[in-house]
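S.K.: I would like to see how this sequence folds:
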Amino acid sequence: MRHHQYKPGFSFVSEPVEFDKYTERELLQYCLGATLYMPGTKDITPSILNKRLLGLTSMVMCFEDSIREDQLSLAEDNVINVLNSLSEALSSNGIDRKDIPLIFLRVRNNEQFIRFTGRLTEKHTQILTGFVFPKFNTLNGYPYLNHLRSLNETSPSILYGMPILESSQIAFKESRQYELAGIKSLLKPYRELILNIRVGATDFSSNFGVRRGINYSIYDILTVKDILSDILNYLGREDDDYVISAPVWEYFLADKDTEFVETLEGGIHSSLLKRNLIVNAAIDGLLREVILDKANGFVGKTIIHPSHLKYVNAMQAVTREEYEDAIQILETVGGVVKSASSNKMNEINPHRSWAKRVRNRAKAYGVIESEEDYAKLFS
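M.R.: Model prediction:
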């Protein structure tokens, strides 16, 4: 896999790297980008084999909320068939490993997780990257993680876990601090198996009977903003180094014919904040939220529509100015220096953790010349 494959002629300052499930975790955790969720009943095989979704680098096939309970057996059989088909295509050179996205399975509960993984063979685990654990909390977390470790002890291929923080125990303030502290302690012994931490803003919103509209972001919903802030505070600290993915944007209205080759006055960030129309209301809302995701330390985003792939992944790219600042900080021992662009101070020790994250994002998504290139990337 490599990000931005749909733009083969794009001129990067530094090209994004290729990656697959065997890439070292320290970098791979930054590479997921826009993670496409789909029902476990969907046969995604033709789209992967025929490379219809060049922007697809990570995906989740869901056994939980996206299907009815009476569809579970159908979904499980479909997932096995998808893994079989991709494994056979890989063995027969019908597809290269670099063309297989990172595939995760969102399990329904611990019982279903244990039962379903009994069906997996070595050829399946070579294709599969890991599992997503819904409504992860201090009560169900240990059985999920313990079984994940057991799978890795018997499998020759690494299998990662991604807990989703979306339970009411986290939503409600009186239990949130205890719950997040407990989750942090619970995850620590399994750190090498945790690829991302994901958050469920839709579930959080439902606890308060609210839903963000198309013209504002999840950060405008005060109760949910408060939850996200605490999650970042507990699990986004430098010493923990978890990569936390941003919540889903619910609105889509694809506009495939729009071109973005014109220069956006003041850059894409300025245009979006001034509410100058760039694509359409749904995509512009997505882009505004991604800007705030990045500002708060989230990397990548859950998505539910393929039209969002290129927009989310394009916005993860690092500008030359950001990259030069990051490298300058990482290559300097202490003190304060003037940035290469001569427009800011780079204070070495306080900015070092930021610089490490920027360097990893630069490897995963590439370095672009300036903000103007964001629009060129997703045109």
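S.K.: mind checking how far the residue most central in space within the chain is from residue 203?
M.R.: Nearest residue to the geometric centre of the chain (CA atoms, centre = their mean): residue 300, 3.7 Å. Using CB to CB, to the nearest Å, residue 300 is found at 19 Å from residue 203. For every residue, glycine as well, the C-beta is placed using N, CA and C.
S.K.: residues near residue 33, how many?
M.R.: Residue 33: 29 surrounding residues under other CB atoms under 10 Å.
S.K.: and it, what is it in contact with?
M.R.: 3, 57, 58, 300, 301, 312, 313, 316, 364, 365 (CB atoms under 8 Å, 6 or more residues apart in numbering).
S.K.: one more: residue 81?
M.R.: 43, 45.
S.K.: over to the one 3 residues further on?
M.R.: Residues counted as contacts of residue 84 (CB under 8 Å, 6+ apart) are 123, 124.
S.K.: what's it sitting at in phi/psi?
M.R.: phi -60, psi -50 (degrees, to the nearest 10).
S.K.: just the ones of the contacts of residue 33 in helices?
M.R.: In this view, these that belong to helices under DSSP state H are 312, 313, 364, 365.
S.K.: in this protein, which helix or strand is least confident?
M.R.: helix 267-273 (a mean of 73; mean pLDDT, DSSP states H and E).
S.K.: neighbouring contacts of that one?
M.R.: Everything outside helix 267-273 that qualifies as a contact, by CB under 8 Å, 6+ apart, is 264, 265, 278, 284, 287, 288, 291, 370, 371, 372, 374, 375.
S.K.: returning to what we had before: can I get the contacts of residue 33 in JSON lines including pLDDT and distance to residue 242?
M.R.: Shown next, in JSON lines, are those (pLDDT from 0 to 100; distance: CB to CB, whole Å):
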{"residue": "3", "pLDDT": "96", "distance to residue 242": "21"}
{"residue": "57", "pLDDT": "96", "distance to residue 242": "20"}
{"residue": "58", "pLDDT": "98", "distance to residue 242": "17"}
{"residue": "300", "pLDDT": "97", "distance to residue 242": "13"}
{"residue": "301", "pLDDT": "98", "distance to residue 242": "16"}
{"residue": "312", "pLDDT": "97", "distance to residue 242": "19"}
{"residue": "313", "pLDDT": "97", "distance to residue 242": "21"}
{"residue": "316", "pLDDT": "97", "distance to residue 242": "17"}
{"residue": "364", "pLDDT": "98", "distance to residue 242": "16"}
{"residue": "365", "pLDDT": "98", "distance to residue 242": "19"}
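S.K.: pull out the buried members of those residues.
M.R.: 3, 57, 58, 300, 301, 312, 313, 316, 364, 365 (16 or more other CB atoms under 10 Å).
S.K.: got CSV for these, with distance to residue 330 too?
M.R.: Shown next, in CSV, are those (distance: CB to CB, whole Å):
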residue, distance to residue 330
3, 22
57, 26
58, 27
300, 22
301, 26
312, 26
313, 24
316, 19
364, 16
365, 18
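S.K.: returning to what we had before: right, and the helix or strand after the least confident helix or strand of the chain?
M.R.: helix 281-296 (DSSP states H and E).
S.K.: packing partners for that following helix?
M.R.: helix 267-273, helix 309-314 (3 or more CB pairs under 8 Å, 6 or more residues apart in numbering; DSSP states H and E).
S.K.: winner for burial among those helices?
M.R.: The highest mean neighbour count among those, using mean count of other CB atoms under 10 Å, belongs to helix 309-314: a mean of 25.
S.K.: and the contacts of the helix or strand following that helix?
M.R.: Next helix or strand after helix 309-314 toward the C-terminus (DSSP H and E): strand 318-319. The contact list for strand 318-319 (CB under 8 Å, 6+ apart) reads 326, 358, 361, 362, 365, 366, 367, 368, 369, 370, 371, 373.
S.K.: tell me how far residue 354 lies from residue 336.
M.R.: Residue 354 sits 15 Å away from residue 336, going by CB to CB.
S.K.: the residue nearest to residue 137 when sequence neighbours are not counted and residue 201, how far apart?
M.R.: Nearest residue to residue 137, sequence neighbours excluded (CB to CB, 6 or more residues apart in numbering): residue 167, at 4.6 Å. Per CB to CB, residue 167 is found 13 Å from residue 201.
S.K.: returning to what we had before: now render the helices and strands packed on helix 281-296 as a markdown table, adding distance to residue 220.
M.R.: Shown next, in a markdown table, are the helices and strands packed on helix 281-296 (distance: least, CB to CB, whole Å):
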| stretch | distance to residue 220 |
| --- | --- |
| helix 267-273 | 14 |
| helix 309-314 | 19 |
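S.K.: ok, which of these comes nearest residue 160?
M.R.: Residue 160 lies closest to helix 309-314 among these, at 19.8 Å (CB to CB).
S.K.: elements contacting whatever helix or strand residue 35 lives in?
M.R.: Using DSSP H and E, the element containing residue 35 is strand 34-39. Packing contacts for strand 34-39, counted by 3+ CB pairs under 8 Å, 6+ apart, involve strand 58-62, strand 301-303, helix 309-314.
S.K.: Throw these into TSV and include distance to residue 7, thanks.
M.R.: Putting the helices and strands packed on strand 34-39 into TSV (distance: least, CB to CB, whole Å) gives the following:
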stretch	distance to residue 7
strand 58-62	18
strand 301-303	18
helix 309-314	8
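S.K.: for residue 122, find the nearest of these.
M.R.: strand 58-62 (19.4 Å).
S.K.: convert the closest one to CSV, retaining C-alpha atoms only.
M.R.: Extracted as CSV, the C-alpha positions of strand 58-62 are listed here (Å, rounded to 0.1, in the frame of the first residue of the first chain):
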residue,chain,number,x,y,z
SER,A,58,-7.3,0.5,5.5
MET,A,59,-10.8,-1.0,6.0
VAL,A,60,-13.0,-2.5,8.6
MET,A,61,-15.6,-5.3,8.0
CYS,A,62,-18.1,-5.0,10.7
